[in-house]
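*Asks:* The amino acid sequence is not available; the structure is as follows:
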Ligand code: G3P
Ligand code: MG
């Protein structure tokens, strides 16, 4: 069965990575959610994609980790999407974990570039231990060192390697890390038959990002992917 992740929640219907977006995704029948995590200045894991706040609210130009949680909670990050969402605030990872039923697969993406969030792996691992059973959580990152770090903290955690640019034999490289990797999450533009074949050889699932239309959806299904990240609720 395909594993279809609601990318940043239902990002087409509500501001990305907000509780409204995750609630909408769940109400639309999503069985898997994707979210992005960074640290606030006071080291609290918060759910937000960009390292700077500007795209969400032009009054705030600094990086996420230059604001405390209490300062972040004052920021309207809904109006940029629609004034209907003016009360939306940056959720903590804890709040999203509390909202998400155990039956829903959760992909926690560690955002660690270009800003490094020192210690983010331990904070996330602790919250996962508190809130989730190990089977239905998947930790991913473009920062493969962050995956190595969290894998050392909890070797049972399932890991997903995010890959944006083509690599020579990506699956072989991933396998050489010796980590508990279950899936590779490639940019949809680098997926072809050879890529899938290599991943299958090492038993890695392939979940490309971010699928936005029927042509992309069908092309990837025909290639044999195991799921995908999408902004379209009709694919959930
Ligand atoms: O985790 C899949 C996808 O979210 C990776 O890219 O930039 O949307 O976080 P990005
Ligand atoms: Mg992401």
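*Replies:* Structure's in. What do you need? Being a predicted model, the structure only gives us computed values, none of them experimental. Numbers count the residues shown, from 1 in each chain. Ligands and ions are numbered 1, 2, ... in the order given.
*Asks:* CA only for contacts and neighbour counts going forward, please
*Replies:* Fine.
*Asks:* Could you pick out the longest strand of the protein?
*Replies:* In the chain, ranked by residue count with DSSP state E as the criterion, the top strand is strand 32-39.
*Asks:* what does that one contact?
*Replies:* 3-9, 17, 22, 25, 45-49, 51, 64-65, 93, 104-112, 117, 120, 229 (C-alpha atoms under 8 Å, 6 or more residues apart in numbering).
*Asks:* so how far is the longest helix seen in the chain off the chain centroid?
*Replies:* Taking DSSP state H as the criterion, the chain has its longest helix at helix 120-131. Helix 120-131 has its average C-alpha position 15 Å from the chain's average C-alpha position, going by C-alpha atoms, centre = their mean, to the nearest Å.
*Asks:* same check, this time on stretch 166-185
*Replies:* Relative to the centre of its chain, stretch 166-185 is centred 18 Å away, using C-alpha atoms, centre = their mean.
*Asks:* Would you mind measuring the gap between the ends of that stretch?
*Replies:* Taking C-alpha to C-alpha, to the nearest Å, stretch 166-185 runs 12 Å from one end to the other.
*Asks:* what does that stretch rub up against?
*Replies:* Under C-alpha under 8 Å, 6+ apart, the answer for stretch 166-185 is 148, 151, 155-163, 190, 195, 198-199, 202-209.
*Asks:* Tell me the buried residues within those residues.
*Replies:* For these, a burial check counting by 16 or more other C-alpha atoms under 10 Å picks out 148, 151, 157-163, 195, 199, 204-209.
*Asks:* would you list every one of the helices in the protein?
*Replies:* Taking DSSP H to define them, one finds helices in the chain at 19-27, 69-72, 93-99, 120-131, 144-153, 170-176, 193-201, 214-223.
*Asks:* same for the longest one, what does it pack against?
*Replies:* By that I understand helix 120-131. Counting contacts by 3 or more C-alpha pairs under 8 Å, 6 or more residues apart in numbering; DSSP states H and E, the secondary-structure elements packed against helix 120-131 are strand 45-47, helix 93-99, helix 144-153.
*Asks:* Could you pull up the mean pLDDT of the longest strand of the chain?
*Replies:* Taken as a whole, strand 32-39 has a mean pLDDT of 98.
*Asks:* what does stretch 145-163 give?
*Replies:* Within the predicted structure, the mean pLDDT of stretch 145-163 is 98.
*Asks:* do stretch 110-122 as well
*Replies:* On average, stretch 110-122 scores 95.
*Asks:* Straight-line length of it, end to end?
*Replies:* Distances were taken as C-alpha to C-alpha; on that basis the terminal residues of stretch 110-122 are 11 Å apart.
*Asks:* Counting neighbours, which bits of it end up buried?
*Replies:* Of the residues in stretch 110-122, those buried by neighbour count under the rule 16+ other C-alpha under 10 Å are 110-112, 117, 120-121.
*Asks:* for stretch 46-57, same thing?
*Replies:* Neighbour-count burial for stretch 46-57 [16+ other C-alpha under 10 Å]: 46-53, 56.
*Asks:* Closest to residue 215 out of those residues?
*Replies:* Closest approach between the buried residues of stretch 46-57 and residue 215, by C-alpha to C-alpha: residue 49, at 26.0 Å.
*Asks:* The closest one reaches residue 111, doesn't it?
*Replies:* Yes: assessed by C-alpha atoms under 8 Å, residue 49 is found in contact with residue 111 at 7.3 Å.
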